[in-house]
Each structure stands twice: as structure tokens, then as C-alpha cells.
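K.L.:
Structure, please.
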Amino acid sequence: MKRVTIRDVAVEAGVSMMTVSRVINDAENVQPETRARVQAAIDALKFMPSQSARSLRVRRSHWISLMYQTAKVWKDNSAPGYLVDFHAGIMSRCEQEGYYLSMHLSDPDDPQLDTDLVSAAASNRPDGILLFPPLCFSARLLADLRRLKIPVVRVAAAGVADASPCVDIDDRAAARQMSEYLIGLGHRHIGFIKGFAEHPSSELRYRGYRDALRAAGIAPRAHDVAQGWFSMESGVIAARELLSHSRRPTAIFASNDDMAAGCLTVAHEAGISVPSQLSIAGFDDTYVAQMVWPPLTTIRQPIYDIGFSAADQLFTLIRGGRPNKKLMLSHRLIERATTAPPPKVRG
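P.N.:
Numbering: from 1, shown residues only. Okay, the predicted model is just below:
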């Protein structure tokens, strides 16, 4: 049976979700006839408001803000695919609480970025803020928002110490697992494409890759590592660099699926068979991983769940509760068709 949500009640009563939330919380600024209409819809649909919805204090704005920054390389290119699933997770949790989500997209070239974000928060006064990389790495921004007494939850920032709660996965362990998997297939020359240099997750994934090489007694080669920026275009550039060497890698591990898709494009253009001549692995398990050909072996991080959990942690803060300071969700290696033993091992 489909779960009845606040949205369903709002549609039935012909009002907004915010109005339904106000009725649930017994707010004073609701007309009697409107209150009666909402209550009739609640009764007709047999809607059971969650305890968390009842416990939210009245006289709130009933909206939260997601603040994230457009990377410079995304201005003329597409943003990573995981943003779609991430937003969906947040929206689903907001719907359960009768909250709206406002997305504040900032410009990385803004010299007064932190100041502008704090001013926006002070003027709009959301009930809470979700901070997405790289904004969640700014100690100054976090301190200024803390002074405003606006609850903040950080996303994908486990590598940065701060008092505000964070939701993430263990990037280092995940990258090590994928690297060990490739080594287990027989690969000894494994290329690696990094993400944003200033992104802690990029460094953690690189460390995981190196951890696996060292544990296997494989000496890392400097020319097996290329810099990317989490976009497909940067994956194309990095793959061309890695495959230009006379002793090219037999496998490439890209720090996200978009860059891995770029590697596939380069391999197809060069007539390099995947996976018989070159194995390719990604990270995230976005829709891109299943749309490319061959389908991509990758690390699945629960992107939707991260967004959902981050919003859930934020609502706990809004209610005055104590969320987990560092909520780490599990990852999983997904084996598909872009990885195989290297030719010399296959026999």
C-alpha cells in the first residue's frame, strides 16, 4: 500500500504542504475553514503525521536551504550525475516533513563568496542549511553560520574537522577496495584519475588507491596518475594523457563515473577494446554507469540515502535534538562489464 504523505493531504485539501504542516503543528495563523478542510483530508486519507512532524516548533519558515558552489569547469559542461540523486533524497525527506527546499547556487569566481552566503542566510533565515562541497570545507563560512544560530549539516565532508554534523561514506576504504579488486584481477599498472585538487574526498580516494598498491608491493608510477575535475570532459583529457605513454596502464580507476565515461570515450576512439585490452572502473554508481557501453564497474555510494540522511540529520537539529556528528553510510563494489584480467594474465 502506498504511504500517504503530506503532499497527498495537500492535494486532497487544495492547499499547500506548508498549510498542512501548520495544521499538524496546531499553528494559530490558519483560517478555521481551511483547518477544517485539511483535517477532513487527513481523516479521509487516514494520514498519520510522524512524531517528528508534530514535534517541529511552530512559527518556523518551513523551508531549508541547500548551498552549493558551481565548479569552474562545470560552467560550460554538465555537472556530475550524482547531484540528481542527491537532490531527490533531500526532497523526499523534506516532503515527509512538509518542508520546502531552496537551492542556493553560488559562483566560485565571487571574491566575497562567504560573505554573500552569510548575508543571504541572515536575510532569508531558513530553518536549516545543508552545505555541499566545497562550501562545507570553509571554516570561515561554518563559523559565521554558527554565529547566526542556523542549524547546519555538511555533506561529503568527513575528511574535514568541524563541530557541525556530517554525512558521508569512507572514501579511502572504498577506493582501496576497488584498487584491490583490480589488483586481484592481475593488474599491476593501474592508472588513477583524481578529482578536484581542493576536495578532501579526492585526496582520500587517491590515498585508498595508493594504500592498495603499497599493500600489494606495487611501486606507484607518477605518470600513472592524472588530474581530473569530476567532469566527463576532464576524464577524456586525463585518459588521453594516461594512454599516451609507451607503457600504458592495463586498467584505469577514475574518481567518479563521469570521468570513467570519458575514459571509455577515449578507448573507443582509439580502438582499444574494453575490457579485453583495458579495464576501466569508476566511483558513485550514478545512472551514467549503467548507460555507457560496456556498463561500468564502479563503487556504489548511496547518493540518494546520503541526501535523505543529511536532511534527516538537519531536521533533528531543527527540533533541538542531537544528530550523529559523523554519519558514515556503507558503500559497495558493483562489478559490471568494463573490468577483466589483463591480456597477459588471461591466458
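
K.L.:
do you know how far Ala261 is from Ile272?
P.N.:
15 Å (C-beta to C-beta, to the nearest Å). Any C-beta I mention is one placed from the backbone N, CA and C, and that applies to glycine too.

K.L.:
More neighbours: which of these two?
P.N.:
Ala261 (23 against 17; other C-beta atoms under 10 Å).

K.L.:
helix, strand or coil for the more buried one?
P.N.:
Here Ala261 is recorded as helix under DSSP: H, G, I helix; E, B strand; the rest coil.

K.L.:
residues contacting it?
P.N.:
Listed by C-beta atoms under 8 Å, 6 or more residues apart in numbering, the contact partners of Ala261 are Met232, Gly235, Gly282, Val288, Val292, Leu296.

K.L.:
What is the neighbour count of Leu105?
P.N.:
10.

K.L.:
In three-state terms, label it for me.
P.N.:
Applying three-state DSSP: Leu105 is strand.

K.L.:
In a helix, Pro295, correct?
P.N.:
No - using three-state DSSP, the assignment for Pro295 is coil, not a helix.

K.L.:
so it touches Arg336, yeah?
P.N.:
Yes - taking contacts as C-beta atoms under 8 Å, Pro295 lies within contact range of Arg336: 4.1 Å.

K.L.:
which one of the two has more residues nearby?
P.N.:
Arg336 (17 against 14).

K.L.:
so what's the more buried one scoring on pLDDT?
P.N.:
Arg336 carries a pLDDT value of 98.

K.L.:
contacting residues for it?
P.N.:
By C-beta under 8 Å, 6+ apart, Arg336 lies in contact with Ala289, Gln290, Pro294, Pro295, Leu296, Thr297, Thr298.

K.L.:
same check, this time on Ser61
P.N.:
Ser61 neighbours (C-beta under 8 Å, 6+ apart): Asn124, Arg125, Pro126, Asp127.

K.L.:
burial measure for the first one, as a count.
P.N.:
Look at Asn124: counted by other C-beta under 10 Å, it has 14 neighbours.

K.L.:
From the structure, what's the count of residues near the closest residue to it other than its chain neighbours?
P.N.:
Closest residue in space to Asn124, ignoring its immediate chain neighbours: Ser65 at 7.1 Å, by C-beta to C-beta, 6 or more residues apart in numbering. The tally of other residues near Ser65 (other C-beta under 10 Å) stands at 23.

K.L.:
what about Ser65, helix or strand, and which?
P.N.:
strand 63-69 (DSSP states H and E).

K.L.:
got the angle between the following helix or strand past that strand and strand 63-69?
P.N.:
Counting by DSSP H and E, the next helix or strand C-terminal to strand 63-69 is helix 82-97. Using axes from the mean of the first three to the mean of the last three C-alpha atoms, to 10 degrees, the inter-axis angle of helix 82-97 relative to strand 63-69 is 170 degrees.

K.L.:
Could you export helix 82-97 as PDB, CA atoms only?
P.N.:
Below are the C-alpha coordinates for helix 82-97, written out as PDB (Å, rounded to 0.1, in the frame of the first residue of the first chain):
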ATOM      1  CA  TYR A  82      25.200  12.300  -8.600                       C
ATOM      2  CA  LEU A  83      23.700  15.700  -8.000                       C
ATOM      3  CA  VAL A  84      20.300  14.400  -9.400                       C
ATOM      4  CA  ASP A  85      20.100  11.500  -6.900                       C
ATOM      5  CA  PHE A  86      21.300  13.700  -4.100                       C
ATOM      6  CA  HIS A  87      18.600  16.300  -4.600                       C
ATOM      7  CA  ALA A  88      16.000  13.600  -4.900                       C
ATOM      8  CA  GLY A  89      17.000  12.200  -1.500                       C
ATOM      9  CA  ILE A  90      16.700  15.600   0.200                       C
ATOM     10  CA  MET A  91      13.400  16.400  -1.500                       C
ATOM     11  CA  SER A  92      11.900  13.100  -0.300                       C
ATOM     12  CA  ARG A  93      12.800  13.800   3.300                       C
ATOM     13  CA  CYS A  94      11.500  17.400   3.000                       C
ATOM     14  CA  GLU A  95       8.200  16.100   1.700                       C
ATOM     15  CA  GLN A  96       7.800  13.900   4.700                       C
ATOM     16  CA  GLU A  97       8.100  16.900   7.000                       C
END
